[in-house]
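Student: sequence first, predicted model second:
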Amino acid sequence: MTSVVSNKKLSIKAQTLGGLIALAAAVALPQLVHLIGSHIGTGSALGELLLPMHLPIILAGLLCGPYAAGIAGALSPILSFVLTGMPMAAMLPFMAIELCAYGFFAGVLRTSKMPTVLKVLAVQAIGRAIKAAAILIGFFGFGASVHPMTIGSSIAAGWAGILIQLAVIPLAVYLIRKADND
């Protein structure tokens, strides 16, 4: 029997299911983190620290491919905003662009022979660079209210989430692929 997760070519059904699961997780995880944050007194700052939307989107890219994960990444902040009012409206387009990039480029690197931790690191760099470019274009080209200083502050605020992604995503990919091969 062939493995569904580790095959180079996934069925549309598998990609769609993976994308939907990632979308649901990318909307639900931040709510859980914000709930915990409100109980411990940090509010939404815990979400900025842990980056819970990024985890399922990058994971979906590495498991399901670029299109399902890219679409899930673009839609997750929009759906979250519609359902919960978060992320803030000013950040919404930039987060949608960033998460779409994470999902898409993780999917592009899915079949690469490089170690998964390097794939995650590359995806983090690419996604943040694309978000930075979008913020700069938005601010200088269209007068968006999100200041370019947000670029550095979001990286500084999200250091724990970046480290969590580097630890958890490769382990999750390994365990899922191992379970799929059994």
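Tutor: It's in.

Student: any idea of the pLDDT on Gly138?
Tutor: Predicted confidence (pLDDT) for Gly138: 96.

Student: and it, how many neighbours does it have?
Tutor: Neighbour count for Gly138, taken as other C-beta atoms under 10 Å: 18. All C-beta atoms are positioned from the backbone trio N, CA, C, and that covers glycine.

Student: does it touch Phe94 like I think?
Tutor: Yes. Contact criterion C-beta atoms under 8 Å: Gly138 and Phe94 qualify, at 7.0 Å.

Student: need the residues touching each of the two.
Tutor: Common neighbours of Gly138 and Phe94, using C-beta atoms under 8 Å, 6 or more residues apart in numbering, are Val146.

Student: residue contacts, Thr42?
Tutor: Thr42 touches Leu49, counting by C-beta under 8 Å, 6+ apart.

Student: I'd like the distance between it and Ala160.
Tutor: 12 Å (C-beta to C-beta, to the nearest Å).

Student: need the overlap of contacts for those two.
Tutor: With C-beta under 8 Å, 6+ apart, Thr42 and Ala160 have common neighbours Leu49.

Student: who are the packing partners of the helix or strand Ala28 falls within?
Tutor: Using DSSP states H and E, Ala28 sits in helix 12-40. With contacts defined as 3 or more C-beta pairs under 8 Å, 6 or more residues apart in numbering; DSSP states H and E, helix 12-40 has these neighbours: helix 45-50, helix 54-64, helix 66-84.
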